[in-house]
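Enquirer: the amino acid sequence is not available; the structure is as follows:
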């Protein structure tokens, strides 16, 4: 986007570093664990677990990548201007503060509050005699047979420590020879981290094992025992251009992931010290600043086994998604015929408020079973383990329908599962392809071709979230169901490009990355600036998971300098700095975290009074705009555009509980000036969805 002649120069330090911004996001997750007033107790424990899981992935991918750049001698600063070594130092220092805060919240707040409600996480010494006896029996019958103690001595090399496994580091002395040795015992991953006793009492698995070490090392004297955990580089590196068979190359890389990835973090119980810690750090080749000493228990993601206890008053109120009123029979509220409903009108879905099962899943299942459907084309980025979507596609193929599935086998951490789906689909007779070399297929598309009395008609779903029925119950996403011929023709062209050799494909209602999304959004930002200059209504509203792309951020800065109001609703990383005088005075940034994971990507432009509104799959990140196939579709029904406009109105309402970003500082605002509590977005939407009614219209051109 070209700058206006009178635009002020943009300062060099205009970006907040993405790695530090991510840590600020995880700090907001920790805020939820601290919020005793608004968040039920078991949910606060769950947010402690989410904080840990988030941090694991951050180190496995982002910090691993940062260490690779340092090891390669890359000294180029990030967009924020921070050199790699200095950024690594800052990230580790900030992480150390957050981990200490998490440990404090668990030990001083959440754990005692759970105990007050009769949900106790106990140490071995706190168990009753009867519980000791039952845990000893459990150890003998279920734990001891699957443990493998690995000692280190001249005949036993230091064992490979797998990533994220919780281990016991054991320091032993042979009373006969006086020789001291290190041994490692890996906690079995098939057992719950916190073992249930009775009456919602739990004991850490490591406590049970550590108090029976004499069974593992008979005749040895135990000097020290403590837990530790290693995080390794888990990012995949596959050179697709050099791989004749991408599936085989990825399988080989997954094997290498299992056996030889360098550590990026060592977590140790804060009682671990002396020679035992020194040997562990030396063998794993981790620096002092990469060692995180934390109180027991390590890895609070294990709290997920505790928060499943049945205590309704300590959890979020039960919520049952509803069938979208435009997809339900008026008298019975039962799911209607999908194709008949879509011939009447486009349907805008908002999950989990609208049921995924009676909308998207039903759309695909009905297409698979309908004898008039001739073909189904589908993208799969992530799906569930027992996916009804995959089952429906297999059913369709076995019934003789043409089924094309674009399986993204490079979806991070789901690579192995997706390889399995690809082979299963191929075996059933589906045409399976892996997209375009060098690009991940991240768009969420399903195209159905149906024989009808007036000829072939195509139906489409375009979404912001994965075709995963399980995550659809907890992820906030939006999607469009339509048989509009303009949209369906665009989607058909894109599928042909993904499965064939199409080049220079043009689209009418879609913006498609990597060629068209960034430029398309920048053109719309420029158009808002022009509208504002000519006195017409102007404004920009974006809802994304992350905003990092420098060109998009600079475009928003230019819009702000020109006087255009810009609202950005972001869940995670935000490199944009709002509220900087002369740069971003007209930009507001808000963030919402809660019981559902905010995941939709929405785009709203005032457009001189005739708003352009769209939804799609891309975040404002380099990987989405340059290295992935992404789709944004514009909405034409005024009702849909108004619905998304109302969503932004709620999010930026002064009476809505949100986090506000001021330059680089996030502040949680959950109370008004008079001290009255604010309502969060998701609670308001749960209330609103029950009041929604179907508005039947007659479609034209469909």
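Expert: That came through fine. Since this is a predicted model, take the numbers as computed values, not measurements. Numbering: from 1, shown residues only.
Enquirer: and the closest residue to residue 122 other than its chain neighbours, which of the three is it?
Expert: Nearest non-adjacent residue to residue 122, counting by CB to CB, 6 or more residues apart in numbering: residue 203, 5.4 Å away. (Each C-beta comes from the backbone N, C-alpha and C, glycine too.) Look at residue 203: counting by DSSP: H, G, I helix; E, B strand; the rest coil, its state is strand.
Enquirer: how much space between residue 203 and residue 211?
Expert: The gap separating residue 203 from residue 211 is 10 Å, by CB to CB, to the nearest Å.
Enquirer: before we move on, what about residue 20?
Expert: For residue 20 relative to residue 211 (CB to CB), the value is 42 Å.
Enquirer: same question, residue 174
Expert: 21 Å.
Enquirer: do residue 161 as well
Expert: Residue 161 is 23 Å from residue 211, where distance means CB to CB.
Enquirer: swap in residue 292?
Expert: Residue 292 is 25 Å from residue 211, where distance means CB to CB.
Enquirer: likewise for residue 65?
Expert: Applying CB to CB to residue 65 and residue 211 gives a distance of 40 Å.
Enquirer: next, residue 125: secondary structure please.
Expert: helix.
Enquirer: residue 596 is in contact with residue 475, correct?
Expert: Yes. The pair residue 475 / residue 596 is scored as a contact, 6.6 Å apart, by CB atoms under 8 Å.
Enquirer: where do the contact lists of these two overlap?
Expert: Applying CB atoms under 8 Å, 6 or more residues apart in numbering, one finds that residue 475 and residue 596 are jointly contacted by residue 352.
Enquirer: quickly find the element holding the residue lying closest to residue 348 once chain neighbours are set aside.
Expert: Nearest non-adjacent residue to residue 348, counting by CB to CB, 6+ apart: residue 640, 4.3 Å away. Element membership of residue 640, judged by DSSP states H and E, is helix 638-651.
Enquirer: quick one, longest helix in this protein?
Expert: Counting by DSSP state H, the longest helix found in the chain is helix 84-105.
Enquirer: for that helix, give the mean pLDDT please.
Expert: The pLDDT scores in helix 84-105 average 97.
Enquirer: counting contacts, what elements does it pack onto?
Expert: When contacts are defined as 3 or more CB pairs under 8 Å, 6 or more residues apart in numbering; DSSP states H and E, helix 84-105 packs onto helix 18-34, helix 41-57, helix 64-71, strand 291-294.
Enquirer: what segments of the stretch 151-300 of the chain are strands?
Expert: 166-173, 180-186, 194-196, 201-204, 221-232, 263-269, 291-294 (DSSP state E, counting those that start in this stretch).
Enquirer: partners of the third one, with directions?
Expert: In this case it means strand 194-196. strand 201-204 (antiparallel) (DSSP bridges).
Enquirer: what about the strand it pairs with, distance to the chain center?
Expert: Averaging C-alpha positions (CA atoms, centre = their mean, to the nearest Å) puts strand 201-204 29 Å from its chain's average.
Enquirer: same thing with stretch 436-444?
Expert: On CA atoms, centre = their mean, the centre of stretch 436-444 falls 18 Å from the chain's centre.
Enquirer: out of the strands of the stretch 151-300 of the chain, which is closest to residue 84?
Expert: Closest to residue 84 of the strands of the stretch 151-300 of the chain, according to CB to CB: strand 263-269, at 13.7 Å.
Enquirer: contacts for that closest one, please.
Expert: Residues outside strand 263-269 that contact it (CB under 8 Å, 6+ apart): 59-60, 63-64, 67, 161, 169, 226-233, 277, 280-281, 284-286, 290-296, 298-299.
Enquirer: shouldn't residue 422 be in contact with residue 407?
Expert: Yes. Residue 422 is within contact range of residue 407, at 4.5 Å (criterion: CB under 8 Å).
Enquirer: who touches both of these two?
Expert: Common neighbours of residue 422 and residue 407 are listed as 432, 434 (criterion: CB under 8 Å, 6+ apart).
Enquirer: tell me which of these two has more neighbours.
Expert: residue 407 (27 against 20; other CB atoms under 10 Å).
Enquirer: returning to what we had before: let's have the strands of the stretch 151-300 of the chain in a markdown table, adding distance to residue 387.
Expert: Listed next are the strands of the stretch 151-300 of the chain as a markdown table, based on distance: least, CB to CB, whole Å:
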| stretch | distance to residue 387 |
| --- | --- |
| strand 166-173 | 30 |
| strand 180-186 | 31 |
| strand 194-196 | 29 |
| strand 201-204 | 32 |
| strand 221-232 | 29 |
| strand 263-269 | 32 |
| strand 291-294 | 37 |
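Enquirer: so which of those gets nearest residue 340?
Expert: Evaluated over these, closeness to residue 340 peaks at strand 194-196, with 49.6 Å, by CB to CB.
Enquirer: in that closest one, what counts as buried?
Expert: By 16 or more other CB atoms under 10 Å, the buried positions in strand 194-196 come out as 194-195.
Enquirer: just use 49 as the starting number from now, easier for me
Expert: With the count now opening at 49, the last piece we talked about shows up as strand 242-244.
Enquirer: check contacts around residue 414.
Expert: 385-387.
Enquirer: 10 Å - rerun?
Expert: Contacts for residue 414 (CB atoms under 10 Å, 6 or more residues apart in numbering) come out as 383, 385-387, 421, 440, 496, 507.
Enquirer: can you pull up the bridge partners for residue 428?
Expert: For residue 428, the beta-bridge partners are residue 455 (DSSP bridges).
Enquirer: related to what we said a few turns ago, more neighbours: residue 251 and residue 259, which one.
Expert: residue 251 (22 against 19).
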